[in-house]
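In: Here is a sequence together with a model predicted from it:
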Amino acid sequence: MELDFILSTEDKKSVPPHLSVWVDYLTTPEQAYQFLPTDSPRKLVLYLKVNEIRQIQANSGQCVYPNLLNVIWVYIYIYCKVKDKSVKDLRPGAEGHAGITGLEEDSVTNELTKSQKKLLRKDLRSKLAELASKNYSQIKD
């Protein structure tokens, strides 16, 4: 389950880089899945609480770092040929899109070595997976 918290190439390109997540009272799991690439291996529905995500403290092997993760609203945009620009996506469930920030390599303090940063990100993903394992289901094909 820890692998579900690794940023995709698209997640890394986002501004700010974030792991896409969905607010459950605004977006059903089936709606959220429609926004993923067609070849996405992600089929688990993981339930996390924002306040628990923000309270995670990560260990680099040397120090414990609080407040590295945050959850923010992220609008989804699609290209509109008629207007020749990107417009806000109005498909059902789009309003529930959010993102977990702080999982990318550059989000941690510069005083750490590359291996310490790697340990820190692994610890963050592990703690997210631990929170999520308490309540999850699977999207049916």
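Out: Now that the structure is in, tell me what you want to look at.
In: From here on, just use CA atoms for contacts and neighbour counts.
Out: OK.
In: per-residue confidence for residue 139?
Out: Reported pLDDT at residue 139 in the predicted model: 61.
In: actually residue 63, sorry about that
Out: 83.
In: Render the CA-only coordinates of stretch 71-83 in PDB, please.
Out: Extracted in PDB, the C-alpha atoms of stretch 71-83 (Å, rounded to 0.1, in the frame of the first residue of the first chain):
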ATOM      1  CA  VAL A  71      -3.600  18.900   2.000                       C
ATOM      2  CA  ILE A  72      -4.700  21.600  -0.500                       C
ATOM      3  CA  TRP A  73      -7.600  22.100  -2.900                       C
ATOM      4  CA  VAL A  74      -6.400  21.600  -6.500                       C
ATOM      5  CA  TYR A  75      -8.700  22.500  -9.400                       C
ATOM      6  CA  ILE A  76      -8.600  20.200 -12.500                       C
ATOM      7  CA  TYR A  77      -8.300  22.000 -15.800                       C
ATOM      8  CA  ILE A  78      -8.900  20.600 -19.300                       C
ATOM      9  CA  TYR A  79      -8.000  22.100 -22.700                       C
ATOM     10  CA  CYS A  80     -11.000  23.600 -24.500                       C
ATOM     11  CA  LYS A  81     -10.400  23.700 -28.300                       C
ATOM     12  CA  VAL A  82     -13.200  26.300 -28.800                       C
ATOM     13  CA  LYS A  83     -11.700  28.800 -26.400                       C
END
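In: gap between that stretch and the chain center?
Out: The chain centroid and the centroid of stretch 71-83 are separated by 17 Å under C-alpha atoms, centre = their mean, to the nearest Å.
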